[in-house]
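Asker: Make a model of this:
(chains A, B and C)
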Amino acid sequence: MKKTLALMLALAMVFALAACGGNSAPAASEAPAEEAPAADAPAAEAPAAGEASGTFKIGGIGPMTGDAAQYGIAAMGGAQIAVDEINALGGPVQFEFQAEDDQAVADNAVNAYNTLKDWGMQIMVGAVTTGSCVAVASEAYTDRIFSLTPSASSTDVTAGKDNMFQMCFTDPNQGKAGAEYITSNFPEAKIAVIYRSDDAYSVGIRDAFADQVKDSIVYEGTFTVDTQTDFSVQVAAAQAAGADVVYLPIYYQPATVILTQAKSIGYAPTFVGVDGMDGILDQEGFDASLAEGVLVMSPFSASSTDDLTVSFVNKFQEAHGQLPNQFAADGYDCVYAIYNAIQAAGVTADMSNAEICDALVAAFTADDFSYSGLTGEGMTWSTVGEVTKLPMAFVITDGVYVKP
Amino acid sequence: MKKLKTTTKIDFATYAGVTLAFLLVYALQQGGSLTNAMKSWLVPICSFIVMAVSLNLVVGISGELSLGHAGFMSVGAFSGIVTAMSLTNAIPSGPVRLLLAILVGAVFAAVTGVIVGVPVLRLRGDYLAIVTLAFGQIIKDLINCLIVGYDSHGLHIIFNLDGLRSVSDLHMEETGVAIIKGAQGAVGVPKLSSFFAGYLLVMVALVIVLNLVRSRTGRAIMAIRDNRIAAESVGINVTKYRLIAFVTSAALAGAAGALFGLNYGGLLSSRFDFNTSILVLVYVVLGGLGNIWGSVIAATVLYILPEALRGFQDYRMLLYAVVLILVMLATNNEQLKALLGRLIPKRKGAKSNG
Amino acid sequence: MVFFSYLFSGISLGSVYAIIALGYTMVYGIAKMLNFAHGDIIMVGGYICYCSMSYLGLPVLLSVLLSMAVCTVLGVVIEGLAYKPLRQASSLAVLITAIGVSYFLQNAAQLIWGVTPKIFTSVASFPMPGDLNSLGLSSEAVVTIASCLIIMVALTLFVNKTKMGKAMRACSEDKGAAQLMGINVNKTISLTFAIGSALAAVAGVLLCSNYNTLIPTTGSMPGIKAFTAAVFGGIGSIPGAFLGGLLLGIIESMAKAYISTQLANAIVFAVLIVVLLVKPTGLLGKAVPEKV
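Answerer: Predicted coordinates for the structure are as follows:
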């Protein structure tokens, strides 16, 4: 009797695990895979010098395990797709790509960085999180390794380092853009802000945002990594303060809980999110009606219908079994921007890291260099390392992004 | 020559072992045969050795389970960073600033240790453990509120308790430098720490802890651990001796924090969370409670382990967990112990190296 | 009005802490070990229930039962493989092993289910009468509190009235003496883990129903908070865990509402410290007389 019971329980477990495991097979097999990436590859507008050649080693750093793993895996996955596409072109410039895990911790990121240096890294894509990137950037600055981060958005990342560039908006720019958007579209709005007070990204955006619209803010609520399961108090307080716009400079996972809890108490203001909100619709089992009418200021939309996005989305789905978010798109754009700069500068893989670095810095900051990719048209970079691109605002309507 | 005591022999062997290891690694480093990755491990390994040795003083020697040791490291790291950065102009020499930073870090952590220790040490067992955990969390949250800047008028400090303030509220001169920006952490930190400084700190920590343990004070602390009531009955001041162990440990953790903090360009307060406390506890338990040289080895090996597993990519942390469990099972396996005991003939006094 | 809404938020949050704390305190009370992997068993429970509902399309009740069954097996297997060999070792060795198990479960979950959050559909959602919902008292909270009460009564009855419960109490008091009295200590502890893990599955399902995102680290912070709650109420005491969890949730909500959202967590821990200083064994904990 006991044995039968044990057997049944064991079978039940195997069954459940098998059912769960079955999902990891990509569901996108019916979507035809793009065979000819060349047609869709982002176009460089800078004149190609034509002499660039060789196999460059690109190192990526991001959290692949732990709390923040979802962001690191997405960004590195996006970068890998770009590398594969470029290599498939068979041109003179080829890439080798290796991603290392930093668990979103600064000292681990420095270890990862040095591991990559031993591997022979010539150009860096990373680090994904701001805290790690600040630590790694000062190493890369000393070593003269050209670095482009997909998503570390604090101004501290680039401050004082000529070889550190960003693919994402800086936090202050994003906060200002959010404030401008709200003041022009909702001039009389009473604003509530809910942000994560122990996260550099969230605080950075909030500070710039609050600077702009100080007088319209009626409530500010915070949370920390330790209290990010429950937001009912913050939501109720925002409601009690009469806020009709709630600004959420946070990632999509806590935002999901906030939306759910607001709905459960019947509170329906206009929620305005930042680029970290992108990905909210791609969560398995997400009820899109929760996010109906939410404004997202994001550079990327997986539901865009242009060829480049469609091709990227298909490839990402094939590799990871889910839709890419802006982290993945930023990672992808990083590799292509570097590719274009390599061609514009005409660097070869046998040059020293410092030579590659100087040439790429010159190429990125050149007047005639601009890059159009998944996350924006005609992006240019300042000498500080900040990117200039237009933030795009989307309204979530029937579970897709729609331009208002 | 008088015959040395076994414990004294072990202590000298520990000093000699650490020095030899340092000389060996230093020679390899100068000879250029260390990889970049290995070089980047050296300073954090030294920091975590000091952390493990100091926690061993509390957990192993004094017998109190502490789950908030990272809090003291955090206090030391951030006070050390503020010291080093605000003295940039006054003292140009890097090593001197590092020394000052480590001292200040140790002092601040010791003061925190007294504040935490006085109430905490009234409790016992798992209740003490949970209160140290609570203090660790509180320290993390408070440092997260700290905004510090420096200009020609000196230090500007505000506590951003309501979450509404930022660096601009420091009202610094234009030339002012923001040192700690609340949740954005310390940025632009000069890299002052070196392997040599790390080695010196490890030696200092070992000298302090081993001498404390072998002294009258140390015997009193261990007597309290083994039987509090008996110790009390022979007139040992329980609170005083427990506090000595706790505060010494906190001060060393602060010094380790300063060394660690000044090794990276930026540092977040969230680095010193519950998981870091637990990590150091793992070093101590694996090295053996009360066994100081065991802590040194365990901290080194366990710091390198996840780095050495990088080749396994996604399976890295899973393997780390498996290794951790297996090592715990193996070191506590009676048959294995018996086997080892047969292979290595027991010397007189070999068991009493606590 | 707003005050009640904050209070209800606190009760909802507290009920989740309470239900996790019940499992924690059960294992601690009998096996005398801090099972830091408890939070991760909760996470596994949440995932199993999620998989069973979304991929297998099983009804809610069956999914919860399946998740309980899987967690029970998991708990017993972990106990047998990782904790049983350490029965004679120091309690710290077991603590470190538990941490290893916790890392293992988190990373295994990441490999199996990926890192993107899964959105858990509430299993306890029904329309609430009147204005209760808009006041912040959700149906999930009601179900959680009801489950807490049922579990609390059932556990108390089990521990006090049955033969197995008596064996458990004996093991808790003195393992050696219990063994001499002919109680199979190993079997009793395994049973404790089985019950504790089944409770963890229920807690996981309810945690995810209240806060609907599910990632591999979902269980770790609530696990620590529940541990705090268990100590707050007096670790080892079943009603203490319930009371501790509920109070912890209310304090956290009130601190967020009236003092500072920034420091809510710090305030919770500060209250805990004060309570333990005044009453060193928690609210309902027994003071164990010291043996001389």
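
Asker: which residues does the spatially most central residue of chain A contact?
Answerer: The centroid of chain A falls nearest to A:Phe327 when counting by C-alpha atoms, centre = their mean (2.2 Å). Contact partners of A:Phe327, counting by C-beta atoms under 8 Å, 6 or more residues apart in numbering or on different chains, are A:Tyr71, A:Ala74, A:Ala75, A:Gly78, A:Val128, A:Pro150, A:Ser151, A:Gly279. From N, CA and C alone the C-beta is placed, and that goes for glycine too.

Asker: hmm, 10 Å instead?
Answerer: A:62, A:70-78, A:128, A:150-151, A:168, A:251, A:275-276, A:278-279, A:300 (C-beta atoms under 10 Å, 6 or more residues apart in numbering or on different chains).

Asker: Point out the ones among the residues you listed that are inside helices.
Answerer: By the criterion of DSSP state H, membership of the contacts of A:Phe327 in helices covers A:Gln70, A:Tyr71, A:Gly72, A:Ile73, A:Ala74, A:Ala75, A:Met76, A:Gly77, A:Gly78.

Asker: Please name the nearest non-neighbouring residue to the first one.
Answerer: Distances taken as C-beta to C-beta, 6 or more residues apart in numbering or on different chains put C:Val115 closest to A:Gln70, at 4.2 Å, once the chain neighbours are dropped.

Asker: mind checking which helix or strand the one you found is in?
Answerer: For C:Val115, there is no enclosing helix or strand under DSSP states H and E.

Asker: shouldn't it be in contact with A:Gly62?
Answerer: No. Judged on C-beta atoms under 10 Å, C:Val115 makes no contact with A:Gly62 at a distance of 11.6 Å.

Asker: Comparing those two, which residue is more hemmed in?
Answerer: A:Gly62 (35 against 22; other C-beta atoms under 10 Å in any protein chain shown).

Asker: how far away is that one from A:Val157?
Answerer: 14 Å (C-beta to C-beta, to the nearest Å).

Asker: what touches both of these two?
Answerer: A:Ala127, A:Ser132, A:Cys133, A:Thr149.

Asker: which of those residues are buried?
Answerer: Neighbour-count burial (16 or more other C-beta atoms under 10 Å in any protein chain shown) is assigned, among the shared contacts of A:Gly62 and A:Val157, to A:Ala127, A:Ser132, A:Cys133, A:Thr149.

Asker: Assign A:Ile396 to helix, strand or coil.
Answerer: Secondary structure assignment for A:Ile396 (DSSP: H, G, I helix; E, B strand; the rest coil): strand.

Asker: Would you state the helices of the stretch 251-354 of chain B in chain order?
Answerer: B:274-287, B:292-308, B:316-331, B:334-343 (DSSP state H, counting those that start in this stretch).

Asker: what's around A:Val218, how many residues?
Answerer: A:Val218, neighbours per other C-beta under 10 Å, totals 18.

Asker: so after the strand or helix carrying it, what's the next helix or strand?
Answerer: Using DSSP H and E, A:Val218 sits in strand A:217-223. Sequence order places helix A:232-240 as the next helix or strand after strand A:217-223, per DSSP H and E.

Asker: So is that next one next to chain C?
Answerer: Yes. Counting by C-beta under 10 Å from any C-beta of the partner chain, chain C has neighbours in helix A:232-240: A:Ser232, A:Val233, A:Gln234, A:Val235, A:Ala236, A:Ala237, A:Gln239, A:Ala240.

Asker: can you check stretch B:59-68 too?
Answerer: Yes. Interface with chain C: stretch B:59-68 contributes B:Val59, B:Gly60, B:Leu65, B:Leu67, B:Gly68 (C-beta under 10 Å from any C-beta).

Asker: before we move on, what about stretch B:128-137?
Answerer: Yes. Stretch B:128-137 lies within reach of chain C by C-beta under 10 Å from any C-beta, at B:Leu128, B:Ala129, B:Ile130, B:Val131, B:Thr132, B:Leu133, B:Ala134, B:Phe135, B:Gly136, B:Gln137.

Asker: quick one: contacts for C:Pro222?
Answerer: A:229-230, C:13, C:16-17, C:19-21, C:38-39, C:42-43, C:203-204, C:207, C:211, C:229.

Asker: 8 Å instead, please
Answerer: C:Pro222 neighbours (C-beta under 8 Å, 6+ apart): A:Thr229, C:Val16, C:Tyr17, C:Ile20, C:Gly39, C:Ile42, C:Leu207.

Asker: so what's the third one up against?
Answerer: For C:Tyr17, the contacting residues are C:Pro222, C:Lys225, C:Ala226, C:Ala229, C:Gly244, C:Gly245, C:Leu246, C:Leu248, C:Gly249, by C-beta under 8 Å, 6+ apart.

Asker: Look up the closest residue to the fifth one, ignoring the ones flanking it.
Answerer: For C:Gly244, ignoring the flanking residues on the chain, the nearest one in space by C-beta to C-beta, 6+ apart is C:Gly233 at 2.7 Å.

Asker: repeat for the second one
Answerer: If you skip the residues right next to it in sequence, C:Lys225 has C:Tyr17 as its closest partner in space, 5.5 Å away by C-beta to C-beta, 6+ apart.

Asker: host element of the one you found?
Answerer: helix C:2-31.

Asker: Just name the shakiest helix or strand of chain B by mean pLDDT.
Answerer: helix B:334-343 (a mean of 76; mean pLDDT, DSSP states H and E).
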